[in-house]
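Colleague: Please work out how this folds:
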Amino acid sequence: MKLFKKLSTVALLMLLGTDLYAQNSDAEEENDVVKIVYQCDFPDIQRIHLMLNTINNAASYFDKHLIPYEINIVAFGPCLQYMMKDFKGTGFVKMPYCEHGGPTGAGTVSRFKSLKQLGGDNINFFACGNTMKKKHVKDEQLQDYVKKTPAGIIKIVNLQRQGCAYVKIK
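Modeller: Residues are numbered from 1 along each chain as shown. Prediction:
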(Lines give C-alpha, C1' and ligand atoms only; values in the text may rest on other atoms or scores of the structure.)
Protein backbone atom coordinates (compact mmCIF):
# COMPACT_ATOMS: atom_id res chain seq x y z
CA MET A 1 0.00 0.00 0.00
CA LYS A 2 2.86 2.38 0.83
CA LEU A 3 4.45 1.65 -2.54
CA PHE A 4 1.14 2.40 -4.27
CA LYS A 5 0.88 5.75 -2.46
CA LYS A 6 4.44 6.65 -3.43
CA LEU A 7 3.92 5.65 -7.05
CA SER A 8 0.65 7.60 -7.10
CA THR A 9 2.44 10.67 -5.78
CA VAL A 10 5.20 10.32 -8.37
CA ALA A 11 2.63 9.87 -11.16
CA LEU A 12 0.73 12.92 -9.96
CA LEU A 13 3.92 14.99 -9.88
CA MET A 14 4.82 13.79 -13.39
CA LEU A 15 1.38 14.88 -14.60
CA LEU A 16 1.82 18.17 -12.78
CA GLY A 17 5.17 18.61 -14.50
CA THR A 18 3.61 17.86 -17.88
CA ASP A 19 0.80 20.30 -17.16
CA LEU A 20 3.29 22.94 -16.01
CA TYR A 21 5.24 22.45 -19.24
CA ALA A 22 2.09 22.80 -21.35
CA GLN A 23 1.04 25.88 -19.43
CA ASN A 24 4.53 27.27 -19.61
CA SER A 25 4.39 27.76 -23.37
CA ASP A 26 2.11 30.70 -22.64
CA ALA A 27 3.95 31.59 -19.44
CA GLU A 28 7.30 31.96 -21.23
CA GLU A 29 5.79 34.50 -23.60
CA GLU A 30 4.51 36.48 -20.64
CA ASN A 31 7.69 35.94 -18.56
CA ASP A 32 5.61 34.38 -15.79
CA VAL A 33 7.38 32.53 -13.03
CA VAL A 34 6.36 28.97 -12.17
CA LYS A 35 5.76 29.01 -8.42
CA ILE A 36 5.58 25.97 -6.15
CA VAL A 37 5.25 25.57 -2.38
CA TYR A 38 6.07 22.28 -0.66
CA GLN A 39 4.58 21.57 2.75
CA CYS A 40 7.08 19.64 4.85
CA ASP A 41 5.53 18.59 8.15
CA PHE A 42 6.58 14.95 8.39
CA PRO A 43 9.62 13.21 9.88
CA ASP A 44 9.66 10.17 7.58
CA ILE A 45 13.06 9.94 5.90
CA GLN A 46 11.72 8.16 2.80
CA ARG A 47 9.17 10.92 2.22
CA ILE A 48 11.90 13.54 2.71
CA HIS A 49 14.07 11.91 0.04
CA LEU A 50 11.08 11.63 -2.30
CA MET A 51 10.36 15.32 -1.75
CA LEU A 52 14.01 16.21 -2.38
CA ASN A 53 14.00 14.11 -5.57
CA THR A 54 10.92 15.89 -6.92
CA ILE A 55 12.33 19.32 -6.08
CA ASN A 56 15.65 18.44 -7.72
CA ASN A 57 13.87 17.15 -10.83
CA ALA A 58 11.71 20.26 -11.10
CA ALA A 59 14.64 22.66 -10.61
CA SER A 60 16.79 20.77 -13.12
CA TYR A 61 13.97 20.77 -15.66
CA PHE A 62 13.24 24.47 -15.26
CA ASP A 63 16.95 25.34 -15.45
CA LYS A 64 17.45 23.19 -18.55
CA HIS A 65 14.50 24.81 -20.34
CA LEU A 66 15.29 28.33 -19.09
CA ILE A 67 11.92 28.55 -17.37
CA PRO A 68 11.83 31.05 -14.51
CA TYR A 69 10.76 29.39 -11.27
CA GLU A 70 10.42 29.76 -7.53
CA ILE A 71 10.29 26.72 -5.26
CA ASN A 72 9.47 27.23 -1.58
CA ILE A 73 9.82 24.57 1.11
CA VAL A 74 8.01 25.34 4.34
CA ALA A 75 9.07 23.18 7.31
CA PHE A 76 7.10 22.89 10.51
CA GLY A 77 6.44 20.27 13.14
CA PRO A 78 8.81 17.29 12.97
CA CYS A 79 10.17 18.36 9.56
CA LEU A 80 11.92 21.34 11.16
CA GLN A 81 14.77 19.00 12.13
CA TYR A 82 15.87 18.93 8.48
CA MET A 83 16.44 22.69 8.53
CA MET A 84 18.71 22.65 11.59
CA LYS A 85 22.50 22.60 12.00
CA ASP A 86 22.59 22.55 15.82
CA PHE A 87 20.30 20.47 18.02
CA LYS A 88 21.71 21.35 21.45
CA GLY A 89 19.03 22.29 23.98
CA THR A 90 16.16 21.73 21.53
CA GLY A 91 13.31 19.26 21.40
CA PHE A 92 15.02 17.52 18.48
CA VAL A 93 17.78 14.91 18.34
CA LYS A 94 20.21 14.85 15.43
CA MET A 95 19.50 11.62 13.57
CA PRO A 96 22.11 9.55 11.69
CA TYR A 97 20.31 10.14 8.38
CA CYS A 98 21.21 13.84 8.58
CA GLU A 99 24.82 12.94 7.69
CA HIS A 100 24.49 9.50 6.05
CA GLY A 101 22.08 7.71 3.73
CA GLY A 102 19.76 8.50 0.89
CA PRO A 103 20.44 8.13 -2.84
CA THR A 104 23.88 9.77 -2.68
CA GLY A 105 24.82 8.38 0.73
CA ALA A 106 25.60 11.89 1.97
CA GLY A 107 22.46 12.37 4.09
CA THR A 108 19.76 15.00 4.15
CA VAL A 109 21.94 17.95 5.20
CA SER A 110 24.04 17.57 2.06
CA ARG A 111 20.98 17.11 -0.16
CA PHE A 112 19.26 20.25 1.13
CA LYS A 113 22.47 22.27 0.67
CA SER A 114 22.91 20.87 -2.85
CA LEU A 115 19.36 21.91 -3.73
CA LYS A 116 20.05 25.44 -2.51
CA GLN A 117 23.23 25.54 -4.60
CA LEU A 118 21.40 24.19 -7.66
CA GLY A 119 18.51 26.63 -7.45
CA GLY A 120 20.17 29.60 -5.79
CA ASP A 121 17.64 32.35 -5.18
CA ASN A 122 14.97 30.29 -6.96
CA ILE A 123 14.72 27.90 -4.00
CA ASN A 124 13.65 29.14 -0.57
CA PHE A 125 13.51 27.31 2.74
CA PHE A 126 11.28 28.53 5.56
CA ALA A 127 11.18 27.40 9.19
CA CYS A 128 8.04 27.81 11.28
CA GLY A 129 8.52 30.20 14.18
CA ASN A 130 5.73 28.48 16.15
CA THR A 131 7.52 25.11 15.96
CA MET A 132 10.84 26.77 16.79
CA LYS A 133 9.33 28.30 19.92
CA LYS A 134 7.67 25.04 20.98
CA LYS A 135 10.87 23.03 20.44
CA HIS A 136 13.24 25.71 21.82
CA VAL A 137 15.09 26.20 18.53
CA LYS A 138 17.00 29.47 18.21
CA ASP A 139 17.47 31.31 14.91
CA GLU A 140 21.20 30.57 14.90
CA GLN A 141 20.48 26.83 15.10
CA LEU A 142 18.93 26.87 11.63
CA GLN A 143 20.95 26.22 8.49
CA ASP A 144 22.28 29.50 7.09
CA TYR A 145 20.04 29.37 4.01
CA VAL A 146 16.80 28.92 6.01
CA LYS A 147 14.53 31.90 6.68
CA LYS A 148 12.23 32.05 9.69
CA THR A 149 8.53 32.69 9.19
CA PRO A 150 6.14 33.36 12.10
CA ALA A 151 3.78 30.48 11.24
CA GLY A 152 4.44 27.76 8.66
CA ILE A 153 0.83 27.15 7.72
CA ILE A 154 0.18 30.87 7.22
CA LYS A 155 3.28 31.08 5.00
CA ILE A 156 1.87 28.26 2.86
CA VAL A 157 -1.53 29.94 2.58
CA ASN A 158 0.06 33.28 1.65
CA LEU A 159 2.29 31.65 -0.98
CA GLN A 160 -0.74 29.89 -2.48
CA ARG A 161 -2.55 33.23 -2.61
CA GLN A 162 0.46 34.58 -4.52
CA GLY A 163 0.02 31.88 -7.16
CA CYS A 164 2.11 28.97 -5.87
CA ALA A 165 1.06 25.44 -6.74
CA TYR A 166 0.76 23.41 -3.52
CA VAL A 167 2.60 20.10 -3.16
CA LYS A 168 2.70 17.73 -0.21
CA ILE A 169 4.41 14.37 -0.48
CA LYS A 170 2.26 11.58 0.94
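Colleague: can we go C-alpha only for contacts and neighbour counts from here?
Modeller: OK.
Colleague: what about the residue nearest to the spatial centre of the chain, which SS state?
Modeller: When C-alpha atoms, centre = their mean is applied to the chain, the residue found nearest the centroid is residue 73 (3.3 Å). Using DSSP: H, G, I helix; E, B strand; the rest coil, the structure places residue 73 in strand.
Colleague: and it, bridged to which residues?
Modeller: Beta bridges link residue 73 to residue 38, residue 125, judged by DSSP bridges.
Colleague: oh, and call the first residue 52 from now on, that's how I've got it
Modeller: Done: numbering now begins at 52, and the last item shifts to residue 124.
Colleague: how about it, what does it touch?
Modeller: Going by C-alpha atoms under 8 Å, 6 or more residues apart in numbering, residue 124 touches 88, 89, 90, 91, 174, 175, 176, 177.
Colleague: Nearest to residue 213 among the residues you listed?
Modeller: Each of these was checked against residue 213 using C-alpha to C-alpha; the closest is residue 88, at 10.4 Å.
Colleague: residues near that closest one, how many?
Modeller: Neighbour count of residue 88, defined by other C-alpha atoms under 10 Å: 24.
Colleague: Surely residue 152 is in contact with residue 158?
Modeller: Yes - using C-alpha atoms under 8 Å, residue 152 is in contact with residue 158, at 4.7 Å.
Colleague: The two: which has the busier surroundings?
Modeller: Neighbour tally, residue 152 and residue 158, criterion other C-alpha under 10 Å: the higher count belongs to residue 158, 19 against 14.
Colleague: How about the contacts made by residue 166?
Modeller: For residue 166, the contact set (C-alpha under 8 Å, 6+ apart) comprises 103, 106, 107, 174.
Colleague: got those as TSV, with secondary structure, distance to residue 162 and neighbour count columns?
Modeller: Compiled in TSV, these are given as follows (DSSP: H, G, I helix; E, B strand; the rest coil; distance: C-alpha to C-alpha, whole Å; neighbours: other C-alpha atoms under 10 Å):
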residue	secondary structure	distance to residue 162	neighbour count
103	helix	7	18
106	helix	11	20
107	helix	9	19
174	strand	13	20
